[in-house]
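*Asks:* Take a look and give me a structure for this.
(one chain, ligands or ions: 2)
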Amino acid sequence: MRETLPIGPYIQNLCRDDLHEYTSKSKRIKDDILRAVAKLLELDEDCLVNQFSNRALTYARFNYYPPCPRPDLVLGIKPHSDVYALTVLLMDKDVAGLQFLRDGTWYNVPSASNYTLLINVGVTMEIMTNGIFKGPVHRVVTNSEKERMSVAVFYGLDPEREIGPIAQMLTEDQPARYREMKVKDFLVAHLEHFSRGERVVDSLRI
Ligand SMILES: O=C(O)CCC(=O)C(=O)O
Ligand SMILES: [Fe+2]
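*Replies:* Ligands and ions are numbered 1, 2, ... in the order given. All right, here's what the predicted structure looks like:
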């Protein structure tokens, strides 16, 4: 994250320092996870961490879901895959609502009795690992009685660079499954696909 946070004066006064401290600490978690993923893939330990320059994007989203009288009709967030590489999600400790899709079935993420961080893989990671790690589809359902809150910090790449499978993932037997694209164009394409209920990654498949 840039030293001077590009957020409005209201947020800056309210929680600028806390947010800066929080995102710096969660960046360390993100780097640990990237190193663990690199190890799992039998790559150089730092090869994923090194993809994130000091111009890489960090984006924090504060989600507030008020009680909703018709949870059967209204979603908190519609189905999507996160677009950046990794998400560090601080979950509401009392109210569940997050669900992941697998083989056509939605699975609940239970609320934990304490503040819990959930690490989610995003589409950027799916492309970088040439499809080995997937950015799962998830959504948030509403609750008729209780409000719910979460804080998602998304870690992405430098918008001026290209996104594509990293060179270390490619062999003759495992050629690139996704074409390259400039990150900032990829983010715009993501929004267009999201508004149509589609996944941008599917449009990049070779
Ligand atoms: O509120 C949640 O639990 C998930 C939020 C989410 O998926 C997002 O902000 O992308
Ligand atoms: Fe999400």
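*Asks:* Double-check that residue 131 belongs to a helix.
*Replies:* No: counting by DSSP: H, G, I helix; E, B strand; the rest coil, residue 131 is located in no helix; its state is coil.
*Asks:* What number of residues are in the vicinity of it?
*Replies:* 16 (other CB atoms under 10 Å). No exception for glycine: its C-beta is placed from N, CA and C like everyone else's.
*Asks:* quick one, phi psi at it?
*Replies:* phi 90, psi 0 (degrees, to the nearest 10).
*Asks:* Could you pull up the contacting residues of the residue nearest to it when sequence neighbours are not counted?
*Replies:* Distance criterion CB to CB, 6 or more residues apart in numbering; nearest residue to residue 131, sequence neighbours excluded, is residue 177 at 4.9 Å. Counting by CB atoms under 8 Å, 6 or more residues apart in numbering, residue 177 makes contact with 130-131, 165, 205-206.
*Asks:* Packing partners of the helix of greatest length in the chain?
*Replies:* Using DSSP state H, we find that the single longest helix of the chain is helix 9-40. Contacts defined by 3 or more CB pairs under 8 Å, 6 or more residues apart in numbering; DSSP states H and E place helix 9-40 against strand 58-65, strand 86-90, strand 117-121, strand 148-155.
*Asks:* Minimum distance to ligand 1: which of these has it?
*Replies:* Nearest to ligand 1, of all the helices and strands packed on helix 9-40, is strand 148-155, at 3.4 Å by CB to the nearest ligand atom.
*Asks:* After the closest one, which helix or strand is next?
*Replies:* strand 162-163 (DSSP states H and E).
*Asks:* partners of that next one in the sheet?
*Replies:* strand 181-182 (antiparallel) (DSSP bridges).
*Asks:* Quick one: mean pLDDT over the partner strand.
*Replies:* Averaged over strand 181-182, pLDDT sits at 96.
*Asks:* Check stretch 43-52 too.
*Replies:* 96.
*Asks:* If we go by neighbour counts, what in that stretch is buried?
*Replies:* 43, 47-49, 51-52 (16 or more other CB atoms under 10 Å).
*Asks:* Just the buried ones out of the contacts of residue 177, please.
*Replies:* Taking 16+ other CB under 10 Å as the criterion, what is buried in those is 130-131, 165.
*Asks:* Ligand 1 next: which of the residues you listed are close?
*Replies:* Among those, proximity to ligand 1 is found for none (CB under 6 Å from any ligand atom).
*Asks:* before we move on, back to that, may I see the helices and strands packed on helix 9-40 arranged in a markdown table, with mean neighbour count, distance to residue 161 and mean pLDDT as well?
*Replies:* Below are the helices and strands packed on helix 9-40 laid out as a markdown table (neighbours: other CB atoms under 10 Å; distance: least, CB to CB, whole Å; pLDDT from 0 to 100):
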| stretch | mean neighbour count | distance to residue 161 | mean pLDDT |
| --- | --- | --- | --- |
| strand 58-65 | 16 | 15 | 93 |
| strand 86-90 | 23 | 17 | 97 |
| strand 117-121 | 17 | 20 | 97 |
| strand 148-155 | 21 | 14 | 96 |
